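Asker: quick one: sequence plus predicted model below, questions after.
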Amino acid sequence: MSKIRVLIVGYGNVGRGVAAALNVHPDMALAGIISRSPERVKKELGDSSIPVMHVDDVEDWKQALRPDIAILCGGSSTDLPKQGPEFAVHISTVDSFDNHGEIPNYFKKMDAAARAAGNVSVISTGWDPGIFSLERVLAASFLPGTRAYGFYGLGDAGGLSMGHSDAIRRIPGVKDGRQYTHAEPVAVAKVRAGENPQLPPGEMHWRECFVVLEKGANAAAVEREICTMPNYFAPYRTEVNFVSQEELNERFGTFPHGGCVIAAGKTPDGSPARVEYSCDWGSNPAATASVLVAHARAAVRMKKEGKAGAFTILDIPPAYFSPLTHGELLKSYM
Ligand SMILES: NC(=O)c1ccc[n+]([C@@H]2O[C@H](COP(=O)([O-])OP(=O)(O)OC[C@H]3O[C@@H](n4cnc5c(N)ncnc54)[C@H](OP(=O)(O)O)[C@@H]3O)[C@@H](O)[C@H]2O)c1
């Protein structure tokens, strides 16, 4: 059996996760890594035999690495909007673009580029958007009239929000910072009970911040700036803890996250009904990477079938994610 050759585009947290995840899929192999900073990546990999090339050397990496599919691991804010359409012209792609409001626009651009080149581009997958998008659609289709709620950070540690951590680090006087999102248990209970309540964002989650100050910075001013930041913190109950850099590094060296989608209401006979799907990740980027790798398998299959254009998790039959045959799936999973 010839293995699916996967190219990693961009080597950060998710890129590292993809490289690790490929080791546990016997039908897939890492073709190589391409990056805007290949020297940094080579240094990090040490004496590994993994090929690393510059992202701009398109003909070179195509010829040397012969990838079947590229997993785009760049950031959603500026990397993917540029790299996505550029790569879809050369090769089938999978990405985790997570700017929810921009997904329809991004889909259009990726669809045009991939369709014209005869490639398959799976966009905006991971756990949210991704698995949770699928669960929201299933819930709304199976239980019409209920609302599908998303809660994040259900465990004691909460969920590390990269975007909110970034926002804290941009405040003058802040040297480093992390933000953990916590679901409000009262709101979760109301939703589980089938009340379908109107819940403003601040009643669904609260925010816990750990901040390292620059020398001489005014703690009260930083706290005020965090707590009053529109959209990010102002609508939420926010707790700010000042810690040393050592404490931040030691206690918060990982990327825990997770959450659930809940829809609860009644079936037409008046019986209570609830669907709920939850994920608990010790590492958000490693989990996202695992989802991306399964989508790479699906994309390669779809391309082999002659499909082209952009697709989301909503458009792919679940059997395509699995290495098992259809017969094996019917026997073991139905
Ligand atoms: N859908 C979901 O459920 C989900 C969940 C989690 C994350 N995501 C998405 O995944 C994206 C990537 O997350 P991430 O944590 O992997 O971001 P990241 O670590 O910041 O990496 C993003 C890119 O930045 C570059 N980079 C990384 N470290 C660098 C360094 N030390 N110096 C210079 N450049 C560096 C890399 O590109 P080069 O190698 O080309 O330089 C890398 O591809 C996020 O923006 C988010 O949108 C989606």
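Answerer: Ah, there it is.
Asker: list the buried residues of stretch 38-55.
Answerer: 38, 41-42, 51-53, 55 (16 or more other Cβ atoms under 10 Å). The way it works is simple: take the backbone N, C-alpha and C, and place the C-beta from them, glycine included.
Asker: keep only those of these that are in strands.
Answerer: 52-53 (DSSP state E).
Asker: next, format the buried residues of stretch 38-55 as a markdown table and append distance to S283.
Answerer: Below are the buried residues of stretch 38-55 laid out as a markdown table (distance: Cβ to Cβ, whole Å):
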| residue | distance to S283 |
| --- | --- |
| P38 | 25 |
| V41 | 19 |
| K42 | 24 |
| P51 | 25 |
| V52 | 23 |
| M53 | 27 |
| V55 | 25 |
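Asker: which one among the buried residues of stretch 38-55 gets closest to M1?
Answerer: Taking Cβ to Cβ as the measure, M1 lies nearest P51 of the buried residues of stretch 38-55, at 22.2 Å.
Asker: skip the chain neighbours and tell me the closest residue to that closest one.
Answerer: G32 (3.7 Å; Cβ to Cβ, 6 or more residues apart in numbering).
Asker: for M53, same thing?
Answerer: Using Cβ to Cβ, 6+ apart, the closest residue to M53 is W61 (4.6 Å).
Asker: can you check A140 too?
Answerer: Leaving aside its sequence neighbours, A140 sits nearest to A148 (Cβ to Cβ, 6+ apart; 5.7 Å).
Asker: what's that neighbour in contact with, if anything?
Answerer: 135-136, 139-140, 261-263 (Cβ atoms under 8 Å, 6 or more residues apart in numbering).
Asker: what segments of the stretch 201-334 of the chain are helices?
Answerer: In the stretch 201-334 of the chain, the helices defined using DSSP state H, counting those that start in this stretch lie at 201-204, 219-227, 245-251, 284-304, 326-333.
Asker: can you count the residues close to the residue of the stretch 101-250 of the chain found nearest the ligand?
Answerer: Closest to the ligand within the stretch 101-250 of the chain is G126: 2.5 Å, counting by Cβ to the nearest ligand atom. Around G126 there are 25 other residues, counting by other Cβ atoms under 10 Å.
Asker: now do the contacts for it.
Answerer: 96, 98, 287-288, 291-292.
Asker: ok, which residues in this protein are in contact with the ligand?
Answerer: Counting by Cβ under 6 Å from any ligand atom, the residues of the chain close to the ligand are 10-15, 35-37, 40, 55, 73-76, 79, 96, 98, 126-130, 284-285, 288.
Asker: what about the residue of the stretch 151-300 of the chain found nearest the ligand, neighbour count?
Answerer: Proximity of the stretch 151-300 of the chain to the ligand (Cβ to the nearest ligand atom) peaks at T288, 3.9 Å away. For T288, the count of nearby residues is 27 (other Cβ under 10 Å).
Asker: contacts only, for it.
Answerer: T288 touches 14, 17, 96, 126-127, 130, counting by Cβ under 8 Å, 6+ apart.
Asker: what do you get for A117?
Answerer: 88-90, 308.
Asker: is G309 bridged to anything, and to what?
Answerer: V120 (DSSP bridges).
Asker: hang on, isn't it packed against A114?
Answerer: Yes - using Cβ atoms under 8 Å, G309 is in contact with A114, at 5.3 Å.
Asker: more crowded one of these two?
Answerer: Remark: of G309 and A114, A114 carries more neighbours, 29 against 20, as counted by other Cβ under 10 Å.
Asker: the more buried one and K303: what is the separation?
Answerer: Distance of A114 to K303, given as Cβ to Cβ, to the nearest Å: 10 Å.
Asker: touching both of these two, which residues are there?
Answerer: Shared contacts of A114 and K303, counting by Cβ under 8 Å, 6+ apart, come down to 92, 120.
Asker: state the distance from the residue nearest to P51 to D57.
Answerer: In terms of Cβ to Cβ, G32 sits 11 Å off from D57.
Asker: could you do P144 as well?
Answerer: 52 Å.
Asker: neighbours around the residue nearest to P51, how many?
Answerer: G32, neighbours per other Cβ under 10 Å, totals 17.
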